[in-house]
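Undergrad: need a 3D model of the following:
(one chain, ligands or ions: 1)
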Amino acid sequence: MPSQNPKQKYGTSIYKDGLEDWIHSELVKRPFDWLEDLEKRAAQDQFPVLTPASGAVLAFLASSWDPDVILELGTGYGISLFWLISSVRKDTKIQTVDREADFIQVAKEFFAKLEPNSNRVEFTNADCSEIAKGFLEPSSLGKKELMFVDCDKIRYPEILEMILEKGKTRNLRVIYDNVLWHGRIADPENQAPSDQAVRKLWSLIKSSKIEYTLFPVGDGILCFDFKQ
Ligand SMILES: C[S@@+](CC[C@H](N)C(=O)[O-])C[C@H]1O[C@@H](n2cnc3c(N)ncnc32)[C@H](O)[C@@H]1O
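TA: Numbers count the residues shown, from 1 in each chain. I've put the predicted structure just below:
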């Protein structure tokens, strides 16, 4: 007989106090030992970054797609960048964008230690929407592309509209982080501009009829593909 008690019914839910920290310390294998130092630095500075479990999902989604080109929107301290670097070929070109030069500098320092003299990552100090537009405007020339979107949530819907319009003619995997927005979007009382933007993202993706997958890890990862 089905349980009348939702708590009992959902008793196997992963959302238990302390469990996520335990998963991160005991089960998630970082691709580089020093990544934990960078995570600690981000935590000390109260800077929002991808969770380790989300990093592992991102790496899986990147390696299984095997892209020739990656565009990351929102470099931050580079946590997600290093998960991406760890999971793709050495000749995959990566462009990562952030409007804050100081954040890019942190990621650059760690990258220089990892791969001195490498030019496979292009760090761009610019607005993410502009760079996304420039990326999607020309033909992809048959290349396999990956976009990872982790910038200002207010920009999420406009970037998605661009992707939905231009993606149809490409081989493109798209990954968005923070699509659960700390659970805020489930509560209609939350009406901050970022809440509205993430809700709009969901309404656009659902009405587009595109096949998508939500990975409810960390703050929620959304993935969908265009295939030619
Ligand atoms: C959540 S953090 C990125 C974290 C990073 N992906 C990681 O996991 O380490 C978001 C970043 O996006 C950048 N950002 C926000 N809005 C932007 C915009 N309009 N253009 C470029 N960068 C932006 C912020 O400066 C911040 O560094």
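Undergrad: output the set of residues of the chain in proximity to the ligand.
TA: Residues of the chain lying close to the ligand (Cβ under 6 Å from any ligand atom) are 48-50, 74, 76-80, 97-100, 103, 127-128, 150-152, 155. (C-beta placed from N, C-alpha, C; glycine too.)
Undergrad: list only buried entries from the residues you listed.
TA: The neighbour-count test (16 or more other Cβ atoms under 10 Å) marks 48-50, 74, 76-80, 97-99, 103, 127-128, 150-152, 155 as buried among the residues of the chain next to the ligand.
Undergrad: restricted to helices, list those.
TA: 79-80, 103, 128 (DSSP state H).
Undergrad: for Ser86, what is the enclosing helix or strand?
TA: helix 79-87 (DSSP states H and E).
Undergrad: tally of neighbours for Leu136?
TA: The number of residues packed near Leu136 is 20, by other Cβ atoms under 10 Å.
Undergrad: could you find the closest non-adjacent residue to it?
TA: Lys166 (3.9 Å; Cβ to Cβ, 6 or more residues apart in numbering).
Undergrad: on that earlier part again, and the helix holding Ser86, what does it pack against?
TA: helix 35-44, helix 52-65, strand 69-73, strand 93-98, helix 101-114 (3 or more Cβ pairs under 8 Å, 6 or more residues apart in numbering; DSSP states H and E).
Undergrad: and the longest helix seen in the chain, what's buried?
TA: Taking DSSP H as the criterion, the chain has its longest helix at helix 193-208. Neighbour-count burial for helix 193-208, counted by 16+ other Cβ under 10 Å, picks out 194-195, 197-202, 204-205.
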